[in-house]
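Undergrad: missing the sequence, but the structure's below:
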């Protein structure tokens with residue numbers, strides 16, 4: 001049965017009573033927007049005349065931003081540096097009322113600078129150190145004990161380890177994750193993971209999505225598994241059953257961060273008491289909204305209700 005606006009509003013209204021902590025690879029997304037009208041005389045490269053500059057929360061911080069924009073009481077814990085990028089990120093987290101539990105280390109804050117001209121990304125510049133953060137107990141000690149659930153946002157930048165994931169499963173009743181295929185064994189016994197089709201196939205060598213999903217869910221002993229299929233929608237696996245949901249995007253402009261949005265909304269909806277089909281439809285709708293925006297983005301309750 002399709003989700004109607006009244007039921008969607010009931011679920012979204014319940015978000016404000018939730019407490020969710022996001023643990024993972026926090027990033028700062030830096031955008032330079034400009035025009036290109038000539039080629040450099042120094043090398044055969046375009047000269048970008050910068051017209052505007054913008055900073056956004058990325059990675060695990062974007063997951064937290066998505067939760068906060070939907071009125072969830074949100075906590076964020078990742079690894080940052082003692083640097084300007086962390087100062088900018090901390091200010092943004094404060095503006096969004098996200099509880100900043102980030103741990104300052106000798107690693108730099110992960111930052112990605114994208115140079116965009118005429119709606120085309122010309123180049124991306126990354127500052128990062130992917131050395132694993134092995135003292136997972138520091139992260140555990142930072143996290144509040146009374147949250148309704150934990151979201152693990154794994155971008156393979158070093159924050160998420162197998163020991164951390166398994167400790168989270170022991171300490172919290174609901175743990176979801178956006179996985180990285182080569183970390184497959186990290187996610188044993190989680191409540192739900194949300195790989196895309198390419199990631200799921202890299203986690204298990206199987207082309208048929210239905211067989212793949214059933215086997216992956218069993219192997220990792222997951223409560224649920226959601227495989228996002230881009231324009232083909234979502235395949236959701238639970239208790240021996242599989243359900244498919246069509247994609248909701250009206251116009252795809254930029255898929256950056258769509259997985260963050262899907263994971264955030266799916267987790268919050270399940271924790272708010274939504275049935276699995278309702279949670280999938282809400283998450284699918286939210287992801288369909290953010291792909292029509294440039295860069296990592298979030299959505300609002302009003303936008304979701306307009307698109308139900």
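TA: Happy to help now that I have it. The structure presented is a predicted model; accordingly, all values stated were derived computationally and were not measured.

Undergrad: Grab the nearest non-local neighbour of residue 48.
TA: residue 34 (4.3 Å; Cβ to Cβ, 6 or more residues apart in numbering). Glycine gets a C-beta too; all of them are placed from N, C-alpha and C.

Undergrad: Okay, buried residues for the helix or strand harbouring that neighbour please.
TA: Here residue 34, judged by DSSP states H and E, is contained in strand 26-39. By 16 or more other Cβ atoms under 10 Å, the buried positions in strand 26-39 come out as 26, 27, 28, 29, 30, 31, 32, 33, 34.

Undergrad: For it, give the mean pLDDT please.
TA: Averaged across strand 26-39, pLDDT comes to 95.

Undergrad: Could you look up the SS state of residue 108?
TA: Assigned with DSSP: H, G, I helix; E, B strand; the rest coil, residue 108 falls in the coil class.

Undergrad: which residues touch it?
TA: 81, 83, 85, 127, 128, 129 (Cβ atoms under 8 Å, 6 or more residues apart in numbering).

Undergrad: now with 6 Å?
TA: By Cβ atoms under 6 Å, 6 or more residues apart in numbering, residue 108 lies in contact with 81, 83, 127, 129.

Undergrad: Between which two of those is the distance greatest?
TA: Comparing every pair within the contacts of residue 108 by Cβ to Cβ identifies 83 and 129 as the most remote, at 11.5 Å.

Undergrad: The residue nearest to residue 299 when sequence neighbours are not counted: neighbouring residues, count only.
TA: Excluding its sequence neighbours, the residue lying closest to residue 299 (Cβ to Cβ, 6+ apart) is residue 289, at 4.5 Å. The tally of other residues near residue 289 (other Cβ atoms under 10 Å) stands at 21.

Undergrad: in what helix or strand does residue 289 lie?
TA: Using DSSP H and E, residue 289 maps to helix 276-290.

Undergrad: Would you mind pulling the contact partners of that helix?
TA: With Cβ under 6 Å, 6+ apart, helix 276-290 has contacts from 3, 234, 236, 238, 245, 248-249, 258, 261-262, 265-266, 269-270, 297, 299, 303-304, 307.

Undergrad: of the contacts of residue 108, buried ones?
TA: 81, 83, 127.

Undergrad: can you tell me which residues contact the second one?
TA: Taking Cβ under 6 Å, 6+ apart as the definition of contact, the neighbours of residue 83 are 108, 109.

Undergrad: Quick check: phi and psi at it.
TA: Phi and psi for residue 83, reported as degrees, to the nearest 10, are phi -150, psi 180.

Undergrad: swap in residue 79?
TA: In terms of degrees, to the nearest 10, the main-chain angles of residue 79 are phi -110, psi 130.

Undergrad: likewise residue 156?
TA: Given degrees, to the nearest 10, the pair of backbone angles that residue 156 has is phi 60, psi 40.

Undergrad: Please state the backbone phi and psi of the closest residue to it other than its chain neighbours?
TA: Leaving aside its sequence neighbours, residue 156 sits nearest to residue 180 (Cβ to Cβ, 6+ apart; 4.6 Å). Backbone torsions of residue 180, given as degrees, to the nearest 10, read phi -110, psi 130.

Undergrad: ok, residue 180 - how many residues close by?
TA: A count of nearby residues for residue 180, using other Cβ under 10 Å, gives 19.

Undergrad: picking that back up, just the buried ones among the contacts of helix 276-290, please.
TA: Counted by 16+ other Cβ under 10 Å, the contacts of helix 276-290 give 3, 234, 236, 238, 245, 248-249, 258, 261-262, 265-266, 269-270, 297, 299, 304, 307 as buried.

Undergrad: Sitting in strands, which of the contacts of residue 108 do you find?
TA: Counted as lying in strands by DSSP state E, out of these, are 81, 127.

Undergrad: I'd like the contacts of residue 108 as a markdown table, with pLDDT and distance to residue 157 appended.
TA: Shown next, in a markdown table, are the contacts of residue 108 (pLDDT from 0 to 100; distance: Cβ to Cβ, whole Å):
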| residue | pLDDT | distance to residue 157 |
| --- | --- | --- |
| 81 | 97 | 12 |
| 83 | 97 | 15 |
| 127 | 96 | 11 |
| 129 | 96 | 8 |
